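J.: Sequence plus the predicted model coming up.
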Amino acid sequence: MSDEYKFLINVNKDWITQENINDFHRGAYGIICVSDADEDTIESFGALIDQDMYGRKKVTIGIEDEQGEKLNHADDMLWHQDRAYAKEVHPFVGLYCIRADDGSSPTHYLDMQGVYNDSSEELKEATKDLECVNSITKYMAQENYPYKFKSKVQERAWRMKNRAKHKLVWNDDYGPFYFYSEAYTETDLEPQLKEEIYKEKHMYTHYWTPNQLVVYNNHKVLHKRDSTPDTVVRQHIRYALEPN
C-alpha cells in the first residue's frame, strides 16, 4: 500500500496495475493523468456506473448526444464534486479528451484533503460532525447555470429529487478532508470555508490534448472549468466509477 498521499501524478498506461489501482481506490492519489490513453483505458480504473438522469455510463460533453442534451461550455462552472447532491456520491470520475481546440478552457482541480490539513483549528472544530444539505437548487440559482433542460417539468423534477445531507468532513485511509463545494453545499460557514480553501498551492490546472484520460477522486477533489467560446470545439467523454 502506498503510504503517502499524492494530489497529482502523471503516468502512462504501463503504470496501470491492480496494486496501483487499489491504492487509488483507498485514496492514495487525488488525480491521475494518463497521457497515452484510449476510450477503453477507463475500464482499468473500476466499474462504470450510471451518472445522469438517463442512466448512462458514458456521457458526451461538448457534443449533442443521442438524447439531444448538451452541457453548455459557453458558461463558467463553479467548483463542485459531481452529483454531490445525491445520497450516494460516486467515488471516482474520469474525463477522456477527444478534442480541445485552441481557446478551449482547461479544467481546474482543488485538493480538499490538503485544504483540511492546512486549515485553522477553529474551522476544523466548527466543522466537526456538522451535517449540511447539498442541493442542485443552489447551483441552479446562479445566473448562468450551464445545463439546459428540455422542459420546465424536467427541471422541476430535477430540483425536487436532487438534494441530500452529508457530513462536512469525510475520512479515508489518508486522513480527513472537507466534503464541501460552493456549487451545492448549504452552510453558514461558507464565508470562512471560502477564505481558507482557495489557495494556489492546493490547485492544479489541466490543459487538455486529445487522448488524455484524467481520473480523479470525486469525494475529495473539486473541479471546475471556465467558459469556452461557442466557436471553439471542446469534446470529452465523462465516466463515473466505483471499485470492481
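T.: Good, I have the coordinates. Numbers count the residues shown, from 1 in each chain.

J.: Only C-alpha atoms from now on, for both contacts and neighbour counts.
T.: Noted.

J.: Can you give me the buried ones in stretch 93-110?
T.: 93-100, 104-110 (16 or more other Cα atoms under 10 Å).

J.: Quick one: end-to-end distance for it.
T.: 14 Å (Cα to Cα, to the nearest Å).

J.: cool, and stretch 177-191?
T.: 18 Å.

J.: Check which residues of that stretch are buried.
T.: Across stretch 177-191, burial judged by 16+ other Cα under 10 Å covers Phe177, Tyr178, Phe179, Tyr180, Ser181, Glu182, Ala183, Tyr184, Thr185, Glu186, Thr187.

J.: all helices for the chain, in order.
T.: Under the criterion DSSP state H, the chain contains helices at 18-26, 112-118, 121-127, 136-140, 152-161, 190-197.

J.: Find out how far the second one is from the centre of the chain, if you would.
T.: Right, helix 112-118. Here the centre of helix 112-118 is set off from its chain's centre by 16 Å, with Cα atoms, centre = their mean, to the nearest Å.

J.: what helices or strands is it leaning on?
T.: strand 175-178, helix 190-197, strand 221-225 (3 or more Cα pairs under 8 Å, 6 or more residues apart in numbering; DSSP states H and E).

J.: want to try CSV for the ones you listed, with mean pLDDT and distance to Asp3 as columns?
T.: Shown next, in CSV, are those (pLDDT from 0 to 100; distance: least, Cα to Cα, whole Å):
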stretch, mean pLDDT, distance to Asp3
strand 175-178, 98, 12
helix 190-197, 96, 25
strand 221-225, 95, 19
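
J.: Pick the most deeply packed of those.
T.: Among the helices and strands packed on helix 112-118, strand 221-225 has the highest mean neighbour count (mean count of other Cα atoms under 10 Å), at a mean of 22.

J.: Just the CA coordinates for that one, please, in CSV.
T.: Provided in CSV are the C-alpha atoms of strand 221-225 (Å, rounded to 0.1, in the frame of the first residue of the first chain):
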residue,chain,number,x,y,z
VAL,A,221,-11.1,16.7,-5.3
LEU,A,222,-13.2,19.6,-6.5
HIS,A,223,-13.2,20.6,-10.2
LYS,A,224,-14.4,23.5,-12.3
ARG,A,225,-13.8,25.0,-15.7
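
J.: Could you list every helix and strand that that strand packs against?
T.: strand 107-111, helix 112-118.

J.: any low-confidence regions in the chain?
T.: 53, 63-75, 142-150, 152, 154-160 (pLDDT under 70).

J.: Go ahead and flag the most central residue of it.
T.: Gln81 (4.0 Å; Cα atoms, centre = their mean).

J.: wait, that one sits on Asn217?
T.: No: the pair Gln81 / Asn217 is not scored as a contact, 9.2 Å apart, by Cα atoms under 8 Å.

J.: Tell me what Tyr239 is bridged to.
T.: Beta-bridge partners for Tyr239, by DSSP bridges, are Gly94.

J.: so who does it touch?
T.: Ile42, Leu48, Ile49, Gln51, Lys57, Lys58, Val59, Val93, Gly94, Leu95 (Cα atoms under 8 Å, 6 or more residues apart in numbering).

J.: I'd like to know how far the third one sits from Glu242.
T.: The spacing between Ile49 and Glu242, counted by Cα to Cα, is 7 Å.

J.: and what of the fifth one?
T.: Computed as Cα to Cα, the Lys57 to Glu242 distance reads 12 Å.

J.: joint contacts of the two?
T.: Contacts common to Lys57 and Glu242, judged by Cα under 8 Å, 6+ apart, are Leu48, Ile49.
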